[in-house]
Each structure stands twice: as structure tokens, then as C-alpha cells.
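Undergrad: output the structure for:
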Amino acid sequence: VMEAILGAVMRAPADVIELALVAEGGALDAALAGAPESWLRRVLPPRFGRLPGYAMRFAGLERWEDYAASRPASLRANQRRRFRNFAALGNVAFGWCASVAEADAVLVWLFATKRRWAQSHGVKAQYLRDDQVRDFFRAFVREAGMDSGLQVAFAKVEGVPVAASIHLVGRRSVEYFMTTYDPAFGRHSVGNMITEF
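TA: Residues are numbered from 1 along each chain as shown. Got it, this is the predicted structure:
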């Protein structure tokens, strides 16, 4: 089946087709091993800043709590302690943006915060150097509305964002695109807390 899918993909009128996050040793990996490679791939520069991705499957679990209970007790205890310390800062809220206006404001905050972080760490990410990606997500939310599947999550303290993330939410999956947090809240692991949310 994988070989047939790969054959169909290779008939697409494209110069380069990139398949990301292929599991080593899987059926697709085996099919790719026998596929011819374009001469173009040998002359392309190496990709910079590539991050590994991963997927978590919950098919055998009915609730998030069942998954969380399977994680080490020390990790769960640390998360509870960090959340208590974080909650002590004031009016803390985790949620999904409920309106286009709220999503727009959080997206502006997310990309500005991410850009400042990149500049302070010498990261030259092209998507953060201008506003095209930010404006794409803002326009998408404005045009498609809040029921489109694109969702923006936030952590706020006293109504001000301190962490945010962008997701594509389907009936059976959540794809995590991007996240950022205010470095002033880094000791609370607020990025991990928004992922847990």
C-alpha cells in the first residue's frame, strides 16, 4: 500500500516533494528506501534549524487523565508544584480564544514575543523576520472564523498573555504548530503547562 501511495505521489508535477516525520523502520521508510531520488536533492543546501516532531496516540485511553497517570510520579508532582506557584501570581487562566478579536490579539502577541526571543538568541528564522506568517494566521481566523479548526490557545495572568500556541484541531487529532511564552514566566514552565492544557 505504501509503495502504491508513493508511486502516486511521485507522479505529481513537482520538482521536490518532502515527506516529514517518517518513522524509521516503518512501511513508508522502507518504500522510500527503494524510491529514486532527484538529482536536485544532492545540490540543495542543508536545512537549518530543523526540529524533530513526534506524535502521541491515545487510542487505548478514554481520558487525558488516564494518559497523565501513566507518566512518572515525579514529573506529575513537579507539574503540580509549578502550577500552584504559577496560580499564586494572581488571576491565571488557560483557554482557547473565544472570539476573532481575542485570537487576533493573542496572535499579534505570540509573533511579537517569538520575534523578540529569536533576536535575543541570534536565531535567524525567516518566518519571524517579517509579518507574512503572522498575517496569514490572522487573515485565516478573520475569514474562516472560530469554527474553522484553527485554534489559538493561551495562558494569561491578569488578562495578559504569558504563553500562546496555534493548533489545527480535528475530530480525532490536535496538531501543534507553534508556541511561545514570556521568558519572565519561564521558571514556571508555562510552555509545558499550556501543552498540558
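
Undergrad: please, which helix or strand holds residue 161?
TA: According to DSSP states H and E, residue 161 maps onto strand 160-169.

Undergrad: residue 160: neighbour count?
TA: Here the neighbour count serves as a burial measure; for residue 160 (other C-beta atoms under 10 Å) it reads 11. No exception for glycine: its C-beta is placed from N, CA and C like everyone else's.

Undergrad: residue 166 too?
TA: Using other C-beta under 10 Å, residue 166 is surrounded by 23 other residues.

Undergrad: partner residues bridging it?
TA: Residue 166 has these beta-bridge partners by DSSP bridges: residue 152, residue 178.

Undergrad: gap between residue 164 and residue 86?
TA: Computed with C-beta to C-beta, to the nearest Å, the distance linking residue 164 and residue 86 is 15 Å.

Undergrad: before we move on, what about residue 191?
TA: 12 Å.

Undergrad: same question, residue 105
TA: Distance, residue 105 to residue 86, using C-beta to C-beta: 21 Å.

Undergrad: pass me the low-pLDDT residue ranges in the chain, would you?
TA: For the chain, applying pLDDT under 70 flags the ranges 38-59.

Undergrad: what's next to stretch 94-114, contact-wise?
TA: Outside of stretch 94-114, the residues that reach it under the criterion C-beta atoms under 8 Å, 6 or more residues apart in numbering are 128, 131, 133-134, 137-138, 141-142, 145-146, 151-156, 161, 164-166, 178, 180-182, 193-194, 197.

Undergrad: take the residues you listed and keep only those in strands.
TA: Among the contacts of stretch 94-114, DSSP state E puts 151-156, 161, 164-166, 178, 180-181 in strands.

Undergrad: closest to residue 22 out of the residues you listed?
TA: For residue 22, the closest of the ones in strands among the contacts of stretch 94-114 turns out to be residue 178, at 21.7 Å, with distances computed as C-beta to C-beta.

Undergrad: what about the closest residue to residue 17 other than its chain neighbours, neighbour count?
TA: Nearest-residue entry for residue 17: residue 9, 6.1 Å, with adjacent residues in sequence omitted and distances by C-beta to C-beta, 6 or more residues apart in numbering. In terms of burial, residue 9 registers 12 neighbours under the definition other C-beta under 10 Å.
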